[in-house]
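> sharing a model prediction with you, sequence too.
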Amino acid sequence: MRIDAHQHYWKLDRGDYGWLTPESTVLYKDYLPEQLNAHLKANGINKTVVVQAAPTLAETEFMLSLAENNDTIAGVVGWLDLEDESFKEHYARLKQNPYFKGIRIMLQDIDMEYAFRPAVLEALRFFEQEQFPIDLLIKTHQLEETAKLLKLLPNLRGVIDHIAKPIISEQQLEPWKTHMAQIAADNPNIYCKLSGMVTEADHLNWQKEHFIPYVHHVVSQFGPQRVMYGSDWPVCLLAAEYDEVYKLLELTLPESLNVSDLKDVFGLNASRFYRL
(Lines give C-alpha, C1' and ligand atoms only; values in the text may rest on other atoms or scores of the structure.)
Protein backbone atom coordinates (compact mmCIF):
# COMPACT_ATOMS: atom_id res chain seq x y z
CA MET A 1 0.00 0.00 0.00
CA ARG A 2 1.48 3.35 -1.11
CA ILE A 3 0.16 6.34 0.82
CA ASP A 4 0.47 10.11 0.53
CA ALA A 5 0.40 10.96 4.24
CA HIS A 6 -0.33 14.67 3.89
CA GLN A 7 -2.60 16.53 1.49
CA HIS A 8 -5.60 18.84 1.64
CA TYR A 9 -8.99 19.43 0.04
CA TRP A 10 -11.03 22.59 0.35
CA LYS A 11 -14.11 24.32 -1.02
CA LEU A 12 -13.93 28.08 -0.74
CA ASP A 13 -17.65 28.76 -0.40
CA ARG A 14 -17.65 26.84 2.88
CA GLY A 15 -16.27 30.07 4.33
CA ASP A 16 -13.86 28.91 7.05
CA TYR A 17 -10.52 29.19 5.24
CA GLY A 18 -9.58 32.63 6.50
CA TRP A 19 -6.00 32.30 5.32
CA LEU A 20 -7.08 31.79 1.71
CA THR A 21 -7.53 35.12 -0.09
CA PRO A 22 -7.29 36.24 -3.73
CA GLU A 23 -3.63 37.02 -2.97
CA SER A 24 -3.14 33.26 -2.47
CA THR A 25 -2.89 33.02 -6.29
CA VAL A 26 -3.10 29.40 -7.47
CA LEU A 27 -4.48 28.23 -4.10
CA TYR A 28 -7.55 30.48 -4.24
CA LYS A 29 -9.95 27.98 -5.79
CA ASP A 30 -11.60 24.70 -4.91
CA TYR A 31 -9.43 21.59 -4.64
CA LEU A 32 -11.29 18.29 -4.49
CA PRO A 33 -10.52 14.60 -5.10
CA GLU A 34 -11.35 14.63 -8.80
CA GLN A 35 -8.45 17.04 -9.37
CA LEU A 36 -5.90 14.85 -7.55
CA ASN A 37 -6.91 11.33 -8.56
CA ALA A 38 -5.04 11.30 -11.88
CA HIS A 39 -1.81 12.40 -10.16
CA LEU A 40 -2.16 9.67 -7.54
CA LYS A 41 -2.68 7.04 -10.22
CA ALA A 42 0.24 8.30 -12.31
CA ASN A 43 2.60 7.99 -9.34
CA GLY A 44 1.30 4.69 -8.02
CA ILE A 45 -0.24 6.18 -4.86
CA ASN A 46 -3.17 4.10 -3.62
CA LYS A 47 -4.46 6.18 -0.72
CA THR A 48 -4.05 9.56 0.99
CA VAL A 49 -4.41 11.10 4.42
CA VAL A 50 -6.38 14.34 4.20
CA VAL A 51 -5.30 16.96 6.75
CA GLN A 52 -7.29 19.87 8.12
CA ALA A 53 -6.71 23.33 6.66
CA ALA A 54 -9.19 25.26 8.83
CA PRO A 55 -9.57 25.30 12.63
CA THR A 56 -13.23 24.30 12.65
CA LEU A 57 -15.25 21.20 13.43
CA ALA A 58 -17.28 21.88 10.30
CA GLU A 59 -14.22 21.41 8.09
CA THR A 60 -13.36 18.14 9.82
CA GLU A 61 -16.88 16.92 9.12
CA PHE A 62 -16.54 18.08 5.50
CA MET A 63 -13.36 16.01 5.08
CA LEU A 64 -15.00 12.99 6.67
CA SER A 65 -17.89 13.27 4.20
CA LEU A 66 -15.35 13.31 1.36
CA ALA A 67 -13.70 10.19 2.78
CA GLU A 68 -17.00 8.36 2.85
CA ASN A 69 -17.46 9.00 -0.86
CA ASN A 70 -13.92 8.69 -2.26
CA ASP A 71 -12.02 5.43 -2.06
CA THR A 72 -8.61 7.13 -2.38
CA ILE A 73 -8.96 8.62 1.12
CA ALA A 74 -7.66 6.32 3.85
CA GLY A 75 -8.01 8.72 6.77
CA VAL A 76 -8.68 12.24 7.97
CA VAL A 77 -6.60 14.34 10.36
CA GLY A 78 -9.08 16.84 11.73
CA TRP A 79 -9.24 19.59 14.32
CA LEU A 80 -10.57 20.02 17.85
CA ASP A 81 -10.60 23.04 20.13
CA LEU A 82 -8.49 21.74 23.01
CA GLU A 83 -9.67 24.56 25.29
CA ASP A 84 -13.32 23.71 24.74
CA GLU A 85 -14.67 21.95 27.84
CA SER A 86 -16.70 19.65 25.58
CA PHE A 87 -13.80 18.57 23.34
CA LYS A 88 -14.05 14.98 24.63
CA GLU A 89 -17.68 14.83 23.51
CA HIS A 90 -16.72 16.05 20.03
CA TYR A 91 -13.86 13.56 19.97
CA ALA A 92 -16.14 10.67 20.93
CA ARG A 93 -18.64 11.66 18.26
CA LEU A 94 -16.02 12.02 15.53
CA LYS A 95 -14.38 8.72 16.49
CA GLN A 96 -17.54 6.92 15.50
CA ASN A 97 -16.46 7.65 11.94
CA PRO A 98 -13.83 5.08 10.90
CA TYR A 99 -11.97 7.65 8.80
CA PHE A 100 -11.21 9.95 11.75
CA LYS A 101 -7.56 9.09 12.40
CA GLY A 102 -5.93 12.10 14.07
CA ILE A 103 -6.04 15.80 14.88
CA ARG A 104 -3.65 18.61 14.03
CA ILE A 105 -2.54 21.51 16.21
CA MET A 106 -1.65 24.54 14.08
CA LEU A 107 1.07 25.83 16.38
CA GLN A 108 2.78 27.73 13.55
CA ASP A 109 -0.10 30.22 13.75
CA ILE A 110 -0.16 30.38 17.56
CA ASP A 111 2.34 31.44 20.18
CA MET A 112 3.88 28.31 21.72
CA GLU A 113 2.56 29.51 25.08
CA TYR A 114 -0.77 28.09 23.93
CA ALA A 115 0.52 24.51 24.13
CA PHE A 116 1.52 24.94 27.79
CA ARG A 117 -1.83 26.29 28.95
CA PRO A 118 -3.33 23.96 31.60
CA ALA A 119 -6.42 23.06 29.56
CA VAL A 120 -4.38 22.32 26.43
CA LEU A 121 -1.83 20.23 28.33
CA GLU A 122 -4.64 18.29 29.99
CA ALA A 123 -6.17 17.64 26.56
CA LEU A 124 -2.83 16.51 25.14
CA ARG A 125 -2.35 14.16 28.07
CA PHE A 126 -5.79 12.72 27.30
CA PHE A 127 -4.73 12.02 23.71
CA GLU A 128 -1.44 10.64 24.99
CA GLN A 129 -3.40 8.11 27.04
CA GLU A 130 -5.67 7.40 24.09
CA GLN A 131 -2.63 6.97 21.81
CA PHE A 132 -4.54 9.06 19.29
CA PRO A 133 -2.26 10.58 16.62
CA ILE A 134 -1.41 14.28 16.83
CA ASP A 135 0.04 16.25 13.92
CA LEU A 136 2.27 19.11 15.04
CA LEU A 137 2.39 22.01 12.59
CA ILE A 138 5.38 24.04 13.73
CA LYS A 139 8.14 26.23 12.35
CA THR A 140 11.84 25.91 13.06
CA HIS A 141 11.90 28.73 15.62
CA GLN A 142 9.38 26.71 17.69
CA LEU A 143 11.46 23.53 17.88
CA GLU A 144 13.14 24.31 21.19
CA GLU A 145 9.78 24.88 22.91
CA THR A 146 8.37 21.82 21.15
CA ALA A 147 11.15 19.72 22.69
CA LYS A 148 10.18 21.06 26.14
CA LEU A 149 6.53 20.24 25.47
CA LEU A 150 7.33 16.68 24.42
CA LYS A 151 9.24 16.11 27.67
CA LEU A 152 5.91 16.61 29.42
CA LEU A 153 4.23 14.12 27.06
CA PRO A 154 6.72 11.24 26.76
CA ASN A 155 4.21 8.82 25.25
CA LEU A 156 2.50 11.18 22.82
CA ARG A 157 1.85 9.59 19.43
CA GLY A 158 2.89 12.55 17.31
CA VAL A 159 4.28 13.56 13.94
CA ILE A 160 6.07 16.76 12.96
CA ASP A 161 4.62 18.13 9.73
CA HIS A 162 6.78 19.49 6.92
CA ILE A 163 10.09 18.70 8.70
CA ALA A 164 9.33 21.76 10.90
CA LYS A 165 9.71 24.19 8.00
CA PRO A 166 13.43 24.95 7.90
CA ILE A 167 14.48 27.93 5.76
CA ILE A 168 15.51 25.91 2.73
CA SER A 169 15.50 28.99 0.50
CA GLU A 170 18.57 30.23 2.42
CA GLN A 171 20.03 26.76 3.02
CA GLN A 172 19.91 27.32 6.80
CA LEU A 173 20.60 24.09 8.68
CA GLU A 174 21.15 25.35 12.21
CA PRO A 175 19.61 25.42 14.74
CA TRP A 176 17.03 23.27 12.92
CA LYS A 177 19.48 20.39 12.55
CA THR A 178 20.40 20.26 16.25
CA HIS A 179 16.83 20.57 17.53
CA MET A 180 15.48 17.91 15.17
CA ALA A 181 18.21 15.50 16.23
CA GLN A 182 17.34 16.08 19.88
CA ILE A 183 13.62 15.55 19.35
CA ALA A 184 14.21 12.39 17.32
CA ALA A 185 16.55 10.92 19.93
CA ASP A 186 14.46 11.79 22.96
CA ASN A 187 11.03 10.86 21.62
CA PRO A 188 10.76 7.42 20.01
CA ASN A 189 7.01 7.92 19.49
CA ILE A 190 7.49 11.03 17.35
CA TYR A 191 7.54 10.70 13.57
CA CYS A 192 8.37 13.25 10.87
CA LYS A 193 6.69 13.97 7.55
CA LEU A 194 8.92 14.52 4.53
CA SER A 195 6.43 17.04 3.20
CA GLY A 196 5.98 20.75 2.58
CA MET A 197 9.59 21.26 1.55
CA VAL A 198 9.26 22.91 -1.86
CA THR A 199 7.30 25.82 -0.41
CA GLU A 200 10.15 26.52 2.03
CA ALA A 201 12.62 26.68 -0.88
CA ASP A 202 12.99 29.29 -3.61
CA HIS A 203 9.67 28.77 -5.40
CA LEU A 204 11.06 29.58 -8.84
CA ASN A 205 14.64 28.33 -8.67
CA TRP A 206 14.77 25.30 -6.40
CA GLN A 207 16.96 22.36 -7.32
CA LYS A 208 17.03 18.85 -5.88
CA GLU A 209 20.45 19.52 -4.31
CA HIS A 210 18.86 22.14 -2.06
CA PHE A 211 16.85 19.45 -0.25
CA ILE A 212 19.38 16.64 0.14
CA PRO A 213 20.93 17.80 3.46
CA TYR A 214 17.47 18.22 5.02
CA VAL A 215 16.05 14.90 3.81
CA HIS A 216 19.20 12.99 4.74
CA HIS A 217 19.29 14.53 8.22
CA VAL A 218 15.65 13.67 8.95
CA VAL A 219 16.08 10.09 7.75
CA SER A 220 19.35 9.63 9.64
CA GLN A 221 17.89 10.93 12.92
CA PHE A 222 14.36 9.50 12.85
CA GLY A 223 15.26 6.40 10.87
CA PRO A 224 13.38 5.05 7.84
CA GLN A 225 10.66 3.61 10.09
CA ARG A 226 9.60 7.01 11.49
CA VAL A 227 9.37 9.17 8.37
CA MET A 228 6.59 9.34 5.79
CA TYR A 229 6.02 10.85 2.38
CA GLY A 230 3.50 13.68 2.07
CA SER A 231 2.85 15.85 -0.98
CA ASP A 232 1.21 18.79 0.80
CA TRP A 233 -0.94 19.14 -2.34
CA PRO A 234 -2.36 21.61 -3.30
CA VAL A 235 -0.18 23.95 -1.21
CA CYS A 236 2.84 22.55 -3.04
CA LEU A 237 1.50 24.08 -6.27
CA LEU A 238 3.00 27.39 -5.16
CA ALA A 239 6.36 25.88 -6.11
CA ALA A 240 5.89 22.51 -7.83
CA GLU A 241 3.39 20.13 -9.41
CA TYR A 242 2.38 16.94 -7.61
CA ASP A 243 4.53 14.77 -9.86
CA GLU A 244 7.58 16.97 -9.19
CA VAL A 245 7.14 16.72 -5.41
CA TYR A 246 6.89 12.95 -5.54
CA LYS A 247 9.92 12.61 -7.81
CA LEU A 248 11.91 15.07 -5.68
CA LEU A 249 11.64 12.84 -2.63
CA GLU A 250 12.58 9.78 -4.66
CA LEU A 251 15.72 11.59 -5.86
CA THR A 252 16.78 13.01 -2.49
CA LEU A 253 16.32 10.03 -0.17
CA PRO A 254 19.58 8.35 0.91
CA GLU A 255 20.75 5.75 -1.59
CA SER A 256 21.37 3.40 1.34
CA LEU A 257 17.62 2.79 1.82
CA ASN A 258 16.58 -0.68 0.74
CA VAL A 259 13.31 -1.84 -0.81
CA SER A 260 11.76 -2.48 2.61
CA ASP A 261 12.75 1.01 3.83
CA LEU A 262 11.18 2.62 0.77
CA LYS A 263 7.95 0.73 1.34
CA ASP A 264 7.93 2.13 4.88
CA VAL A 265 8.56 5.72 3.77
CA PHE A 266 6.00 5.62 0.96
CA GLY A 267 3.15 4.05 2.86
CA LEU A 268 3.65 1.53 5.62
CA ASN A 269 4.81 4.05 8.24
CA ALA A 270 1.72 6.17 7.62
CA SER A 271 -0.46 3.08 7.80
CA ARG A 272 1.03 2.08 11.14
CA PHE A 273 1.12 5.56 12.64
CA TYR A 274 -2.48 6.45 11.79
CA ARG A 275 -3.73 2.83 12.13
CA LEU A 276 -5.24 3.00 8.67
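Yep, that arrived.
> looking at L249 now. What's its pLDDT?
In this model, L249 is scored at 98, pLDDT.
> helices of the stretch 51-200 of the chain, residue ranges please.
Per DSSP state H, counting those that start in this stretch, the stretch 51-200 of the chain carries helices over the ranges 57-69, 87-95, 118-130, 143-152, 176-186.
> and of the ones you listed, who's closest to H217?
Evaluated over the helices of the stretch 51-200 of the chain, closeness to H217 peaks at helix 176-186, with 5.7 Å, by CB to CB. No exception for glycine: its C-beta is placed from N, CA and C like everyone else's.
> who's in contact with that closest one?
Residues outside helix 176-186 that contact it (CB atoms under 8 Å, 6 or more residues apart in numbering): 140, 143-144, 146-147, 150-151, 160, 163-164, 166-167, 190, 192, 217-218, 221-222, 226.
> 6 Å instead?
140, 143-144, 147, 166, 217, 221-222 (CB atoms under 6 Å, 6 or more residues apart in numbering).
> most remote residue from the middle of the protein, which is it?
Centroid-distance maximum for the chain: E85 at 26.1 Å, with CA atoms, centre = their mean.
> measure it to F100 for me?
Distance, E85 to F100, using CB to CB, to the nearest Å: 20 Å.
> please apply the same query to T199.
Applying CB to CB to T199 and F100 gives a distance of 27 Å.
> cool, and G267?
Distance from G267 to F100, by CB to CB: 20 Å.
> and if you look at K88?
14 Å.
> again, but for D186
29 Å.
> apart from its neighbours in sequence, what residue is nearest the spatially most central residue of the chain?
Centrality entry for the chain: nearest residue to the mean C-alpha point is D161, 3.8 Å, by CA atoms, centre = their mean. Closest residue to D161 apart from its sequence neighbours, by CB to CB, 6 or more residues apart in numbering: L137 at 4.8 Å.
> pLDDT score for that neighbour?
Looking at L137, its pLDDT is 98.
> next, count neighbours for it.
L137 has 20 neighbouring residues, counting by other CB atoms under 10 Å.
> isn't it up against I110?
No: counting by CB atoms under 6 Å, L137 does not reach I110; the two are 9.5 Å apart.
> just the strands in the stretch 1-150 of the chain please.
3-7, 47-51, 73-78, 100-105, 134-136 (DSSP state E, counting those that start in this stretch).
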